[in-house]
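*Asks:* Attaching a predicted model along with its sequence, questions to come.
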Amino acid sequence: MTNGTGAAPLRMAQYGTKHGHAAGKLQAMLDSPDVEVAGLFEPDKVRRSELEGSSGPFGQVRWFNSEEELLSDSSIVAVASEGKNAESLPQTEAIVDAGKHVWYDKPAGEDWPAWQRVMGKAQSQDLLIQMGYMFRYQNGFSQVAEWVHSGLLGDIYCTRAHMSTNVEPSSRSALAVHQGGIFFDLGGHMLDQVVYLMGRPTRTTSFLRTDGTGPECTDNTLGVLEFDRGLAFVDIAAMEPRPVARRFEVYGTRGSAILLDPFEPPYAIRLCLEEAGEGFSAGDQIVPVPTQSRQQTYEEELVAFVATLRGEQPPDRSPDHELLVQETLLRLTGRIADG
């Protein structure tokens, strides 16, 4: 069977179900004409029994009985790594060791030397590891990045990102096992954007507080990033009242761009320009952007992943970028020394 372009679908599988994006990523593969889903492996037998035969995407696939059964199947060329944050890095290393490409959901663990090792193994085998930061494929963030890289906004001197959430106290134990808590879990999404726009920070400072109720957990956080000629601020909390307000702001010497709250799903950007450029007038204007659901951004991630594997495009982010995002996250959570 082909997908209408003449190319046979890529045979993919999924390892893990405990990541917050796991169901959506599996659904994206099931819905894609470019992918044939070979199956799914979940090492937790209790978790498997809860999901196998369910009404969602987990009930629509074959379940592998072991890691070896999945990884030894030479017909599978790529695997979605969807284990929970505490287990995903060794699972991803096993996938790479089996010679398979990886669609890897964020963040890339807390073991910096291990992540460097895994990326090195992948590069030595010409394997793609594409991180699952879905805002890369969101129309609002993509538009802002285009303006930054074209020079429309001038030299960027400040970026501000706010991406808080609401985690029930009964669910905070999964956050508590990670240094940095909620910042470790969500901070990478915003850092992925910040370093894409501004590069590697020269210095980072973090404020990792526990201010909410329930189990002890780092739940009120701020990361400050310093660059040669700029600053970035990323604040994330776990107890913001619903509906949460999420903002992303970029300020340059010639203009600014602010994703209007809430930035997901996207709908418009406030663009301010000192002088007219690229078809936009001087002054303050609201620029509509095509809206997308979260699921649609997963689908766009997968489109890019498949296109790269087929040689139709280079990776949208380089291995060096994937390393830089994780290094910056671990600097801010205190896992590795700053500098």
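*Replies:* The structure has been received and is ready for your questions.

*Asks:* From now on I want contacts and neighbour counts done on CA atoms only, so please keep to that.
*Replies:* OK.

*Asks:* and the nearest residue to Arg203 once chain neighbours are set aside, how many neighbours does it have?
*Replies:* Spatial nearest neighbour of Arg203, chain neighbours left out: Glu226 (5.1 Å); criterion: CA to CA, 6 or more residues apart in numbering. Neighbour count for Glu226, taken as other CA atoms under 10 Å: 18.

*Asks:* and whatever helix or strand Glu226 lives in, average pLDDT?
*Replies:* Counting by DSSP states H and E, the element that carries Glu226 is strand 220-227. Averaged across strand 220-227, pLDDT comes to 98.

*Asks:* What lies in contact with it?
*Replies:* Outside strand 220-227, the residues that touch it by CA atoms under 8 Å, 6 or more residues apart in numbering are 182-183, 198-212, 231-238, 332.

*Asks:* Just the buried ones out of those residues, please.
*Replies:* Burial by neighbour count, judged by 16 or more other CA atoms under 10 Å, picks out 182-183, 198, 200-201, 203-208, 210, 212, 231-238, 332 from the contacts of strand 220-227.

*Asks:* In helices, which of those residues appear?
*Replies:* Using DSSP state H, the members of the buried ones among the contacts of strand 220-227 that fall within helices are Ile182, Phe183, Met198, Leu332.

*Asks:* So the first one is in contact with Thr218, correct?
*Replies:* Yes - under the criterion of CA atoms under 8 Å, Ile182 is in contact with Thr218, at a separation of 6.3 Å.

*Asks:* So what's the gap between whichever strand or helix holds Met119 and the chain middle?
*Replies:* If you go by DSSP H and E, Met119 is part of helix 112-124. For helix 112-124, the separation from the chain centroid amounts to 18 Å (computed by CA atoms, centre = their mean, to the nearest Å).

*Asks:* Show me what it packs onto, helices and strands only.
*Replies:* helix 88-97, helix 319-333 (3 or more CA pairs under 8 Å, 6 or more residues apart in numbering; DSSP states H and E).

*Asks:* Next SSE downstream of the first one?
*Replies:* Helices and strands here follow DSSP H and E; after helix 88-97, the next one along the chain is strand 101-104.
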